[in-house]
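# Have a look; sequence and predicted model below, questions after that.
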Amino acid sequence: MNIVSGEQIAKTFQVGKEQHPVLLDVSVAINEGEFISIMGPSGCGKSTLLYALSGMDSIDQGQVIFDGMDLTTLSDKELADLRRTKMGFVFQQPTFLKSLNILDNILLPAMRDERKNVRALTERALQIMNKMGIADLAKRDITQVSGGQLQRAGICRALISNPQVIFGDEPTGALNSTSAQEIMDLLTSINREGTTVMLVTHDPKIAARTERILFMSDGAIVNELRLPRFTGADLDDRMVKVVSTMQKIGI
Ligand SMILES: Nc1ncnc2c1ncn2[C@@H]1O[C@H](COP(=O)(O)OP(=O)(O)OP(=O)(O)O)[C@@H](O)[C@H]1O
């Protein structure tokens, strides 16, 4: 069953008097439970597509259906509620408040919904932090942890509402290779527990960990590669497949 799909999505940015078409009739369907990535050259529209599919940004034409709902028909409030309850977002640099410790930063977005049940929410946050390997950092300031630990906290924040889909925009882009692979280990285990995960990445080593890779060029999906479940042993072979597909289509 599709959890999110886009039908002939078109999006143009206007800068001054100039029109910049960025998505040209993009259609895509993502099944519940998929682990999927979007690759392509800088500026080809990867993030714009991710934002369109998650309702973070509007589209000019077409349709986006998320969990049976047409996002183009929802009000801003309905969209915000949907994003907060059914989607999780992980960005290259998590934006956290400097005045709050790690735990409170993780709790902050969820507090809006469950103000009355802080204790249960805190317990849930600590459980997730434990799974992500950062339970002992709960009381630290955000300046007192590494980039990899901060990104783990970002994932905890994305998971707090038990989302159906995690959208990641270059979630490993600011990390060294080891931390990046550790973050991918976590996203893989989240996916194996049933959450759909969709990432934008420019890194073949990251895309190679996912099970379907959409290749974009100039505002269109031009190819896709399906890979079996990652076993932990076949990363090099998978990367070769990703890179050779990129070479074949010239991106
Ligand atoms: N708010 C905006 N206003 C105007 N143009 C924009 C805006 N956001 C993105 N663009 C332009 O749209 C195009 C696609 O941007 P997008 O961020 O989707 O690309 P991308 O493939 O994710 O690139 P990168 O890999 O560099 O992050 C780019 O040319 C970008 O400059």
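On my side now, so go ahead.

# got the buried residues for stretch 235-251?
Buried residues in stretch 235-251, defined by neighbour count with 16 or more other C-beta atoms under 10 Å: Arg238, Met239, Lys241, Val242, Thr245, Met246, Ile251. Just so you know, the C-beta spots here come from the backbone N, C-alpha and C atoms, and that holds for glycine as well.

# Ok, stretch 103-113 next?
For stretch 103-113, by 16+ other C-beta under 10 Å, it's Leu103, Asp104, Asn105, Ile106, Leu107, Pro109, Ala110.

# Distance-wise, check the third one relative to the ligand.
Same thing as Asn105. Note on Asn105: its distance to the ligand, by C-beta to the nearest ligand atom, to the nearest Å, is 25 Å.

# ok so, going back, out of the buried residues of stretch 235-251, which comes closest to Glu18?
Ile251 (24.4 Å; C-beta to C-beta).

# So that closest one sits against Leu214, correct?
No. At 11.6 Å, Ile251 does not count as touching Leu214 under the criterion of C-beta atoms under 8 Å.

# residue ranges for the strands of the stretch 151-251 of the chain, please.
For the stretch 151-251 of the chain, strands defined by DSSP state E, counting those that start in this stretch occupy the ranges 165-169, 196-200, 212-217, 220-226.

# Single out the most deeply packed of those.
With neighbours defined as mean count of other C-beta atoms under 10 Å, these peak in mean count at strand 196-200, which reaches a mean of 25.

# Now do it against strand 165-169, angle only.
For strand 196-200 against strand 165-169, the angle by axes from the mean of the first three to the mean of the last three C-alpha atoms, to 10 degrees is 10 degrees.

# Could you tell me the angle between strand 196-200 and strand 212-217?
30 degrees.

# Which strands or helices does strand 196-200 pack on?
The contact analysis (3 or more C-beta pairs under 8 Å, 6 or more residues apart in numbering; DSSP states H and E) places strand 196-200 against strand 2-15, strand 18-31, strand 35-39, helix 46-53, strand 165-169, helix 177-192.

# Give me the pLDDT for the residue in the stretch 151-251 of the chain that the ligand sits nearest to.
Of all residues in the stretch 151-251 of the chain, His202 sits closest to the ligand, at 5.5 Å by C-beta to the nearest ligand atom. His202 is assigned 94 on the pLDDT scale.

# That one contacts Met39, doesn't it?
Yes. With contact defined as C-beta under 8 Å, His202 and Met39 form a contacting pair (6.7 Å).

# Between these two, which is the more surrounded one?
Met39 (27 against 14; other C-beta atoms under 10 Å).

# Flag every residue of the stretch 51-200 of the chain that's near the ligand.
Contact residues, the stretch 51-200 of the chain versus the ligand (C-beta under 6 Å from any ligand atom): Val200.

# Phi, psi for the residue of the stretch 151-251 of the chain closest to the ligand please.
Taking degrees, to the nearest 10, you get phi -100, psi 0 for the backbone angles of His202.

# for it, what are its contacts?
Taking C-beta atoms under 8 Å, 6 or more residues apart in numbering, we find His202 in contact with Met39, Gly40, Ser42, Glu170, Gly173.

# Spit out the residues that contact Ile251 and Leu214 alike.
Met39.
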